[in-house]
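Asks: Take a look and give me a structure for this.
(one chain, ligands or ions: 1)
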Amino acid sequence: MDVNGVGIAAPQVYQPYRMFIVASHPNPRYPNAPEMKPIPVINPTIVSHSKNKIKDWEGCLSIPGIRGLIPRYQSIKVEFTNRNGKKEKREFSDFIARIFQHENDHLDGIVFLDRVENNKEIITDKEYQKLIAQTKKKITSDY
Ligand SMILES: [Zn+2]
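Replies: The predicted structure is shown next:
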């Protein structure tokens, strides 16, 4: 797994399984990512979701160098088999819900670029890093 990734799905490493790992942690690609214990997810189903979607920047280890502004449900209720072979029901919101939806899409052969609503909302990693730096500056000056 790429150390700068926050999730990886089996099809990305050419494994024909419906499974992925959600592993959020702050890193150069996502400096504001929350820290969490990695969750292995097997045969997931999104049971229900919030009405509202939130747009945020996403990238993908399988599509290097590009970012897209992608709408995702703000919160989701999911069911999956855990590492002990037991069914688990969980609720995720915000960034974790975003990773889950991104990785779940990989299982169906969908990548984030398929969900871009406007071509102007695709930028290079370089432009994204600039954007992040500006946001940080703004937050700092708001103290
Ligand atoms: Zn991906």
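
Asks: Please enumerate residues in contact with the helix or strand in which R72 is found?
Replies: Per DSSP states H and E, R72 falls inside strand 63-73. Contacts to strand 63-73, defined as Cβ atoms under 8 Å, 6 or more residues apart in numbering, come from residues 49-50, 52-60, 97-98, 101-102, 111-113, 115-118, 121-125, 127-128. (C-beta placed from N, C-alpha, C; glycine too.)

Asks: cool, and stretch 101-118?
Replies: 7-12, 18-22, 41, 44, 46, 58-60, 62-63, 66, 68-73, 76, 122.

Asks: before we move on, back to that, dump the strand holding R72 to CSV, keeping only the CA atoms.
Replies: Only the C-alpha atoms of strand 63-73 are listed here, as CSV (Å, rounded to 0.1, in the frame of the first residue of the first chain):
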residue,chain,number,x,y,z
ILE,A,63,-4.8,7.8,-11.3
PRO,A,64,-1.6,9.7,-10.2
GLY,A,65,-1.2,13.4,-10.6
ILE,A,66,-4.9,14.4,-10.8
ARG,A,67,-7.5,15.7,-8.4
GLY,A,68,-11.2,16.1,-8.8
LEU,A,69,-14.0,17.9,-6.9
ILE,A,70,-16.3,15.0,-6.1
PRO,A,71,-19.8,15.0,-4.6
ARG,A,72,-20.3,12.2,-1.9
TYR,A,73,-23.0,11.5,0.6
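
Asks: Just the element for the residue nearest to I70 when sequence neighbours are not counted, please.
Replies: Of all residues not flanking I70 in the chain, E58 sits nearest, at 4.6 Å (Cβ to Cβ, 6 or more residues apart in numbering). Using DSSP H and E, E58 sits within strand 53-60.

Asks: Would you mind getting the angle between that strand and strand 63-73?
Replies: 160 degrees (axes from the mean of the first three to the mean of the last three Cα atoms, to 10 degrees).
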